[in-house]
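1. okay, sequence plus prediction incoming.
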Amino acid sequence: MEKFDIAIIGAGPGGYVAAIHAAKSGKKVALVERDKVGGACYNVGCIPSKILLEHSKLIQEIQRGNDWGIETPTVNVNFPRLMKRKDAIIDELLTNIEGYILSNQITFYRGEAAVFNDLTVTVGSGTFTATDIILATGSKPFVPPFKGIETSSYYTTDTFFDMKELPKQLTIIGGGVIAVEMAFSLAPLGTKVTMLNHSEDILQTEEPDARPLIREKMKKLGIELVTDFRFEHFNGNEIHTSKGIYTYENLLFATGRRPNTEIAQQLGLMFDDRLIAVNEHFETSQSHIYAIGDLVGGYQLAHSASAEGIHVVEHILGNKPALIDQTSIPRCVYTHPEIATFGLLEEQVNEPYTVTQMPLHTNPKALMEGNTVGFIKLIATEKEGRILGACVVADGATEMLNVILATKNAGGTAHTLANMIFPHPTVSEHIGDAAKAIFDKAIHH
């Protein structure tokens, strides 16, 4: 029976990254995947959704050009071609990942894994053993058990990206990041979008000051947002709520995900509610078995899973890696404008702090680009200027945030940002002014 140093179950962003890191560190590695490499992120999540969002962003840029005088009387959307482009990009990315696996001499097994307490693994007719095992089996879409749901036909994110024709109408149930991003991806292309979110507001895990800007943009895009109600029951293409009946042609559930914990259950591992219980190094209740990504607590984000996978490998190697700091994990919403955040929100700070928020409409580059909706927000301690949190709402915010995050991770403070010389004109120079505002020395405020 072949023996590996590390066996990893699941080849998503957590699993394949851990496998490559372990192989580059000299370990003999087995990687198992029952479906496609890349996991949900590459196949039915992060990547396809962002590709569609790029398409819708381009439509909005064309419309902005019309406002400036670059006149394009008609814009025809060939949706099947857009979806072929999406497929081609994903195919290229998956081919790259498979190439990385092959070039690092990782033994790749395709099939359903069964894992046993003696650290043996079977995949089909094959059996092997490992010194350490990392579970990285990801998650699946969650559809609430609404009364009458069995009478309705609907998409989840696992099936939504298989569409070949642009839907004329789409109703989205949910108000989180996935739901809002899907609304933004289709409305500019011409789909009439209705979003039903029973909570009082959308994006409730994100910066509160960003939400009104996104709601206003949704209104401009013609997205109908219905909030603060009760779902009563479903009847075919009718959704009965306390605010009335909503009919749909196409229905998408974007109501979160649930971890794939079948292997953990078979192993008898300890759980913390729906999630696998792990320690600070992601080791489960059984020695030498680890769990990462959507299986455990923390942010359900691809880059978080990748960081956890690397951490586990470093721990197995005995390198005593620093614990993962949840306040240093960036959170991104790819709407138009984007929302990018890390660290604490104001409501979470429990020490004396100063906060500043600089609107983009005074920034020269933002004015040139016609992207003035948004702001840069910094939260820092009163005395030292230690950065506690930041939020950028802007076109390209998910790239801009890295300036602040890198400063924080390098031990810099708001003083560091305030003293940086940013190029002019750039939108990112607003970061420096926001930092100056912490000390009442902003120039454009």
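-> Yep, that arrived.
2. how about G39: what's its closest non-neighbour residue?
-> Counting by CB to CB, 6 or more residues apart in numbering, G39 lies nearest to G12, which is 2.2 Å off, once chain neighbours are set aside. For every residue, glycine as well, the C-beta is placed using N, CA and C.
3. name the SS class of that neighbour, please.
-> coil (DSSP: H, G, I helix; E, B strand; the rest coil).
4. and it, how many neighbours does it have?
-> Using other CB atoms under 10 Å, G12 is surrounded by 30 other residues.
5. find the centremost residue of this structure, please.
-> In the chain, the centroid-proximal residue (CA atoms, centre = their mean) is L301; its distance is 4.8 Å.
6. okay, that one: pLDDT?
-> At L301, the predicted lDDT confidence score is 97.
7. which phi and psi does A397 have?
-> phi -60, psi -30 (degrees, to the nearest 10).
8. contacts only, for it.
-> The contact partners of A397, by CB atoms under 8 Å, 6 or more residues apart in numbering, come to C332, P337, E338, I339, A340, G374.
9. could you identify the helix or strand that succeeds the helix or strand where M182 lies?
-> M182 belongs to helix 177-186 when assigned by DSSP states H and E. Scanning forward in sequence from helix 177-186 by DSSP H and E, the next helix or strand is strand 192-197.
10. now do the buried residues in that following strand.
-> Neighbour-count burial for strand 192-197, counted by 16 or more other CB atoms under 10 Å, picks out V193, T194, M195, L196, N197.
11. between these, which is closest to G174?
-> N197 (6.2 Å; CB to CB).
12. one step back: of the contacts of A397, which pair is most distant in space?
-> C332 and G374 (13.9 Å).
13. comparing those two, which residue is more hemmed in?
-> G374 (27 against 22).
14. wait, isn't the more buried one in contact with L360?
-> Yes. Using CB atoms under 8 Å, G374 is in contact with L360, at 4.5 Å.
15. which neighbours do the two have in common?
-> A366, V393, A394.
16. in this structure the first one contacts F375, no?
-> Right, A366. No. Using CB under 8 Å, A366 is not in contact with F375; the gap is 10.5 Å.
17. next, show the common contact partners of those two.
-> L360, A394.
18. by contact count, what packs against the helix holding M182?
-> For helix 177-186, the packing partners by 3 or more CB pairs under 8 Å, 6 or more residues apart in numbering; DSSP states H and E come out as helix 46-68, helix 157-160, strand 169-173, strand 192-197, helix 211-220, strand 331-333.
19. P145: which of those is closest?
-> Proximity of the helices and strands packed on helix 177-186 to P145 was assessed by CB to CB; the nearest stretch is strand 169-173, lying at 13.0 Å.
20. now that closest one and helix 177-186, what's the angle there?
-> 170 degrees (axes from the mean of the first three to the mean of the last three CA atoms, to 10 degrees).
21. for strand 169-173, which outside residues touch it?
-> Contact partners of strand 169-173, identified using CB under 8 Å, 6+ apart, comprise 179, 182-183, 186, 191-197, 239, 246, 248-255.
22. burial count for H240?
-> For H240, the neighbour count with other CB under 10 Å is 17.
23. confidence score at the nearest residue to it once chain neighbours are set aside?
-> In space, and not counting its chain neighbours, H240 is closest to E232: 4.4 Å by CB to CB, 6+ apart. pLDDT recorded at E232 is 97.
24. again with M1
-> So, for M1, pLDDT stands at 89.
25. H445 too?
-> You'll see H445 listed with a pLDDT of 77.
26. name the nearest residue to it, ignoring sequence neighbours.
-> Of all residues not flanking H445 in the chain, A437 sits nearest, at 5.4 Å (CB to CB, 6+ apart).
27. got phi/psi on the residue lying closest to A394 once chain neighbours are set aside?
-> The shortest distance from A394 to any non-neighbouring residue, by CB to CB, 6+ apart, is to G374 (4.0 Å). Reported as degrees, to the nearest 10, the phi and psi values for G374 are phi 140, psi -170.
28. what's near enough to touch T354?
-> Per CB under 8 Å, 6+ apart, neighbours of T354: I379, A380, T381, E382, I438.
29. closest to K3 among those residues?
-> Distance to K3, by CB to CB, is smallest for I379 among the contacts of T354, at 50.0 Å.
30. hmm, that closest one is touching Q357, no?
-> No. Taking CB under 8 Å as the definition, I379 is not a contact partner of Q357, at 9.7 Å.
31. more neighbours, the two?
-> Comparing I379 with Q357 by neighbour count (other CB under 10 Å), the higher total belongs to I379, at 23 against 17.
32. next one: the more buried one from T129, what distance?
-> Applying CB to CB, to the nearest Å, one obtains 49 Å for the distance of I379 from T129.
33. what's the answer for C332, then?
-> 39 Å.
34. return the closest of the buried residues of strand 192-197 with respect to V226.
-> If you rank the buried residues of strand 192-197 by distance to V226 using CB to CB, L196 comes first, at 5.1 Å.
35. tell me the pLDDT of the closest one.
-> Reported pLDDT for L196: 98.
36. contact partners for it?
-> Shown in contact with L196 (CB under 8 Å, 6+ apart): T171, I172, I173, G174, V226, F229, F231, I239, T241, Y246.
37. over to F253?
-> P141, F142, V143, P144, Y154, Y155, T156, I173, G174 are the contacts of F253 under CB under 8 Å, 6+ apart.
38. for the third one, which three-state class applies?
-> The one in question is V143. Using three-state DSSP, the structure places V143 in coil.
39. that one reaches T157, doesn't it?
-> No. Using CB under 8 Å, V143 makes no contact with T157, being 10.8 Å away.
40. follow-up on the earlier one: dump the helix or strand where the residue nearest to H240 lies to CSV, restricted to CA.
-> Assigned by DSSP H and E, E232 belongs to strand 231-235. Provided in CSV are the C-alpha atoms of strand 231-235 (Å, rounded to 0.1, in the frame of the first residue of the first chain):
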residue,chain,number,x,y,z
PHE,A,231,-42.0,34.2,3.3
GLU,A,232,-45.3,32.3,3.6
HIS,A,233,-45.3,29.6,0.9
PHE,A,234,-44.4,28.7,-2.7
ASN,A,235,-46.9,27.7,-5.3
